[in-house]
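Participant: Okay, predicted coordinates and the sequence, questions at the end:
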Amino acid sequence: MQRQNISSGSPWEATIGYSRAVRVGNTIEVSGTVAAGDNGVVGRGDGYEQAKFILQKIEKALIEAGASLENVTRTRIYVTDITQWQAIGKAHGEVFGTIRPATTVLEVSKLVSDDYLVEIEATAIV
């Protein structure tokens with residue numbers, strides 16, 4: 001089966017050895033994604049804004065892999081402050097309200113930087 005690695009151009013991809021997304025056959029796995037923009041952290045201190053930005057990044061990777069948000073079957077949402085779950089969930093619902101993938105929300109003690117409040121990963125099947 002052919003493998004397609006999708007890159008975001010992040011310097012961390014080569015250092016850590018990962019891809020933004022990987023497509024093998026009809027399955028696409030999108031790596032954990034944080035609100036890292038070209039000019040640094042997007043939505044500093046705001047879980048809703050970070051989640052919105054992250055979901056846009058995920059959509060871009062899916063499109064590059066030949067899929068769309070409608071193909072997402074699973075998301076996993078990691079938050080550093082579970083009290084923000086409703087704001088983060090609101091952003092997720094705005095994107096996936098009619099698609100309704102299986103999802104999990106987990107509180108974790110820390111992400112790669114204290115500035116990131118949420119990290120989201122996705123699975124899509126086309």
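Facilitator: All right, it came through fine. Numbers count the residues shown, from 1 in each chain.
Participant: now the strands for this protein?
Facilitator: Ranges of strands in the chain, per DSSP state E, are 3-6, 21-24, 27-33, 36-37, 40-41, 72-79, 102-107, 118-125.
Participant: Would you point out the helix or strand in the protein whose mean pLDDT is lowest?
Facilitator: Across the helices and strands of the chain, mean confidence by mean pLDDT, DSSP states H and E is lowest for helix 11-12: a mean of 80.
Participant: just checking, Gln50 touches Ala35?
Facilitator: Yes: between Gln50 and Ala35 a contact is recorded at 3.8 Å, counting by Cβ atoms under 8 Å. Any C-beta I mention is one placed from the backbone N, CA and C, and that applies to glycine too.
Participant: nearest spatial neighbour of Val41, skipping sequence neighbours?
Facilitator: Spatial nearest neighbour of Val41, excluding adjacent residues (Cβ to Cβ, 6 or more residues apart in numbering): Asp115 at 4.3 Å.
Participant: Give me the neighbour count for that neighbour.
Facilitator: Using other Cβ atoms under 10 Å, Asp115 has 16 other residues around it.
Participant: Ramachandran coordinates for the closest residue to Val34 other than its chain neighbours?
Facilitator: Setting aside the residues directly before and after it, Val34 is nearest to Tyr116 in space (Cβ to Cβ, 6+ apart), at 4.3 Å. The phi and psi values for Tyr116, taken as degrees, to the nearest 10, are phi -90, psi 120.
Participant: ok, now which ones touch Tyr116?
Facilitator: With contacts defined as Cβ atoms under 8 Å, 6 or more residues apart in numbering, Tyr116 is in contact with 34-36, 41, 50, 80.
Participant: again, only using 10 Å
Facilitator: Applying Cβ atoms under 10 Å, 6 or more residues apart in numbering to Tyr116 gives the contacts 33-36, 41-44, 47, 50, 54, 78-80, 110.
Participant: Could you identify the most distant pair in the residues you listed?
Facilitator: Val42 and Lys110 (18.8 Å; Cβ to Cβ).
Participant: between the two, which one's more packed in?
Facilitator: Val42 (20 against 8).
Participant: how near is the more buried one to Lys57?
Facilitator: Distance, Val42 to Lys57, using Cβ to Cβ, to the nearest Å: 9 Å.
Participant: Fine, thanks again, bye for now.
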